[in-house]
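[1] Give the three-dimensional model of this entry:
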Amino acid sequence: MPGPGYEWIGKEEEEEVLDVLRSRWLFRHGDDKNPAFKRKVKTLEEMVQEKFGTRHALAVTSGTSALITALSALGIGPGDEVIVPGYTFIASISSVIVVRAVPVLAEVDESLTLDAADVERKITPRTKAIMAVHMLGNPCNLERLCAIAGKHNIFLIEDAAQAFGASYRGERVGTIGKIGIYSFNIFKTINAGDGGMVVTDDDDLYFRAFGYHDHGHFPNRAGVEIGNRSIIGQNYRMNELTGAVLIAQFRKIDMITQRLRYLKSRFKRQIGGLRDLTFRTINDPAGESNTLLTVFFPSMEVADRVAGKLDTTTVSKSGWHVYSNMEQILGKRMITGHGCPYKCASYPCKQEYSKGMLPGTDHLLERAINLSVGVVDRGLGSGFGINPLSTDEEVDRKAKEFITAVRGSL
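    Numbering: from 1, shown residues only. A predicted model of the protein is given here:
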């Protein structure tokens with residue numbers, strides 16, 4: 001089942017898309033004096049800049065392309081190390097490899113986001129950045145991670161793909177580090193099927209990111225800049241149809257966030273008194289996305305029994321969000337010309353990846369179950385729970401089902 005924005009796709013999205021289709025101008029660039037050019041993508045960027053308080057917003061094709069663009073804009077490449085959590089979607093790790101840098105996996109703590117103490121242990125002279133992934137909509141402990149990044153003079157990248165609209169101590173996640181990214185994939189808070197965004201307050205970073213996403217062109221071009229392009233780039237441009245859908249979705253972000261907060265609070269309150277059950281740490285309860293409710297059990301065996309009764313899985317079995325389930329990462333399988341194993345361009349990649357390399361993360365995830373609130377996705381281990389349209393009666397019924405399953409498993 002898609003993310004929460006899916007449930008509110010309606011006439012607003014239809015009208016924005018029809019506005020573009022009637023004009024027949026689907027490309028993100030155009031002449032502002034041309035009435036056929038509706039500038040939907042640029043409008044979306046301006047809306048995010050204003051509401052989130054960031055100097056620059058750059059719409060791209062996906063959260064993955066946003067990560068690659070951000071890493072490239074920072075100049076991260078061969079020989080550089082980027083510290084990434086072992087619990088994240090695979091794109092956080094694969095994007096580092098795509099730019100020929102080396103992902104260094106770190107433990108998560110009971111917030112299921114980066115363990116700041118382990119991050120500091122993993123820093124070496126080759127470390128160029130920390131990637132703070134706001135996993136399952138829970139903001140990282142940015143106070144500690146920002147302090148570590150500043151102490152070691154390295155970049156802090158915010159992967160807020162799963163946390164669009166969330167905040168940390170009053171500031172929007174994605175806008176606090178040196179550069180941040182969002183995703184508008186079908187499973188995200190708001191969506192257009194796919195799409196992504198890069199945000200930063202740094203003018204130079206924006207200039208490089210824009211060039212990288214648009215074959216080296218300068219920002220906000222109206223035509224093709226023959227002989228005046230800045231760098232060799234890619235094509236990660238968002239089109240006007242995607243921008244149109246996201247404009248309508250973005251206008252609903254506050255309503256969606258408030259709805260999810262209400263549902264999660266009601267669900268959590270009812271199951272909170274269960275013996276031997278704890279909730280994951282929320283680093284900013286007022287700022288999280290409230291898309292999922294994560295519970296910890298005293299042992300893997302108990303968690304497995306509860307998951308079985310609810311026809312769901314523990315988090316450790318939730319596919320490409322857990323490092324030990326990423327067979328292509330563990331095997332360093334990357335095409336480098338002749339199907340050879342991945343090697344860093346400047347030196348052989350000595351970093352090894354194996355199941356069991358992050359025992360703290362393993363122990364947490366094997367005892368955890370994600371209960372759906374806004375995202376019902378077996379791939380996230382959230383096959384049981386409620387959804388954005390659940391009535392109070394359904395929330396209460398699901399809470400009772402959960403309580404019965406837990407009491408029968410302890």
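[2] Now do stretch 122-133: everything it contacts.
    Among residues not part of stretch 122-133, those counted as contacts by CB atoms under 8 Å, 6 or more residues apart in numbering are 71, 74, 76, 79-85, 88-89, 92, 96, 101-102, 104, 106, 113-114, 119, 140, 142, 145, 148-149, 152, 154-159, 161-162, 177. Using the backbone N, CA and C atoms, a C-beta is placed for each residue, glycine as well.
[3] now those residues: which count as buried?
    Among the contacts of stretch 122-133, the ones that count as buried by 16 or more other CB atoms under 10 Å are 71, 74, 76, 80-85, 88-89, 92, 96, 101-102, 104, 106, 113-114, 119, 140, 142, 145, 148-149, 154-159, 161-162, 177.
[4] how close does the nearest residue to residue 304 once chain neighbours are set aside sit to residue 407?
    Closest residue in space to residue 304, ignoring its immediate chain neighbours: residue 314 at 6.3 Å, by CB to CB, 6 or more residues apart in numbering. When CB to CB, to the nearest Å is applied, the distance between residue 314 and residue 407 equals 18 Å.
[5] Pretty sure the residue nearest to residue 304 sits against residue 366.
    Yes: applying CB atoms under 8 Å as the test, residue 314 and residue 366 come out as touching, 5.9 Å apart.
[6] Name the residues contacting each of those two.
    A shared contact of residue 314 and residue 366, defined by CB under 8 Å, 6+ apart, is any residue touching both; here these are 300, 303.
[7] Nearest residue to the middle of this protein?
    residue 161 (2.0 Å; CA atoms, centre = their mean).
[8] Just the element for residue 198, please.
    Using DSSP states H and E, the secondary-structure element containing residue 198 is strand 196-200.
[9] Can you tell me what sits against that strand?
    45, 48-49, 52, 54-66, 69-70, 73, 161, 174-175, 178-184, 206, 209, 213, 238.
[10] And the helices in this structure?
    Assigned helices in the chain, in chain order: 11-23, 40-52, 63-73, 90-98, 116-122, 142-152, 203-213, 240-250, 253-271, 300-309, 327-330, 359-366, 392-407 (criterion: DSSP state H).
[11] Just give me the lowest mean pLDDT stretch among those helices.
    Within the helices of the chain, confidence is poorest for helix 327-330, with a mean of 84 (mean pLDDT).
[12] May I see the buried residues of it?
    Within helix 327-330, judged by 16+ other CB under 10 Å, the buried ones are residue 329.
[13] Dump it to CSV, keeping only the CA atoms.
    Output of helix 327-330 as CSV, limited to C-alpha atoms (Å, rounded to 0.1, in the frame of the first residue of the first chain):
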residue,chain,number,x,y,z
GLU,A,327,23.3,-9.2,-1.1
GLN,A,328,24.8,-7.0,-3.8
ILE,A,329,26.4,-4.7,-1.2
LEU,A,330,27.7,-7.6,0.9
